[in-house]
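*Asks:* Below are the sequence and a predicted model for it; my questions follow.
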Amino acid sequence: MKRRRFRVRHSVNRPPTPDAADDQQKQPSLHEIINIKMIESGEKERLMELLKERLIDCGWKDEMQNLCRAFIKKEGRNNVTLDELIRAITPKGRASVPDSVKAELLQRIQTFLVSAAL
Amino acid sequence: MSMPNDDNASSQSQLASLFFEDLLDSIIVDVASEFHRISRLGLDRNLEDEEEELRLSAEARAKAADLSNSGEATSKYVVDIFGQTHPSVANEIFECMNCGRSIMAGRFAPHLEKCMGKGRKARLKATRSSTTAQNRYTRGSPGSAYTPYANSTSTNSTSTNRYSNGTYGIAGEGYSNGTFEEP
């Protein structure tokens, strides 16, 4: 596929920086409020570490790395951008999380939601 | 007044799912970026296609074995004298006898470290207990293996009573897979 000559190729696509004026008119949603609470209390990081550990233990990370390897081999080592790689493995990644891991994390999150809403 | 509670519960579980997806996406991005870096820097031997094929064909010729496994995309294959190959990370999944989780065999040792020994949380729980048998065996090193408390929140206290008499770890009784060694 021919690439347009004038477009510079970035390895990572960044979203545009948000305008300060827009932010002040928006009301924060419940999702955002709780997200901030989660981050500030350190719970988000704990949850992330927990999820990482569980996914490594059950072999999910290794599966993902095999997928990456196969994709890169197919496309050519220097032709793959990070974005393409992420887009290629995300659907499989989301689908292959074991149910027990998902249930454990969901329970932790719901506990936090209950305590944060009070 | 059960209707508002039902709505609340389902929107709460929706919110929880949203956060879970968020965490999962971040982890996927982490894994991809780590791997992308390794591949672009040429650090992962497994990615070198031609090298691998050369190596494999040389091995196959040398051992006069006619099994060719170069079609697989996973770990590098070394053919043994029977012509069998093994993946570099053991694949079999079984249950950890301490916390009851399903673990991959190749990931079992690091899991056990966290589950019952080296981990900070595991050690904290152990020091709260005052059994003299444990004090006798503990050498005070961070690698001490005689702290049989899982750091998982899902384990209840009855499972730890199995090990509390301090005989765990002697001659590997009951744990004959041989992967767990005393530090």
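*Replies:* All right, it came through fine.
*Asks:* All the helices of chain A, in order from the start?
*Replies:* Along chain A, counting by DSSP state H, helices occupy A:20-25, A:30-41, A:43-57, A:60-75, A:82-95, A:99-117.
*Asks:* Need phi/psi at the nearest residue to A:Ile36 once chain neighbours are set aside.
*Replies:* Distances taken as Cβ to Cβ, 6 or more residues apart in numbering or on different chains place A:Pro28 nearest to A:Ile36, at 7.9 Å, with adjacent residues excluded. For every residue, glycine as well, the C-beta is placed using N, CA and C. Torsion angles at A:Pro28 (phi, psi; degrees, to the nearest 10) stand at phi -70, psi 140.
*Asks:* Relative to B:Val79, how far out is A:Pro28?
*Replies:* 60 Å (Cβ to Cβ, to the nearest Å).
*Asks:* How about A:His10?
*Replies:* Per Cβ to Cβ, A:His10 is found 42 Å from B:Val79.
*Asks:* Quick check: longest helix in chain B by residues?
*Replies:* Ranked by number of residues, the top helix in chain B under DSSP H is helix B:2-40.
*Asks:* residue ranges with poor pLDDT in chain B?
*Replies:* Along chain B, the parts satisfying pLDDT under 70 run over B:1-7, B:45, B:47-55, B:60, B:62-77, B:118-183.
*Asks:* A:Pro28 and B:Val79 - which one has more neighbours?
*Replies:* Using other Cβ atoms under 10 Å in any protein chain shown, the more surrounded residue of A:Pro28 and B:Val79 is B:Val79, with 18 against 11.
*Asks:* bridging residues for that one?
*Replies:* Listed by DSSP bridges, the beta-bridge partners for B:Val79 are B:Thr85.
*Asks:* ok, back up a step: if you average pLDDT over each of the helices of chain A, which is lowest?
*Replies:* Mean pLDDT values for the helices of chain A show the minimum at helix A:20-25, a mean of 64.
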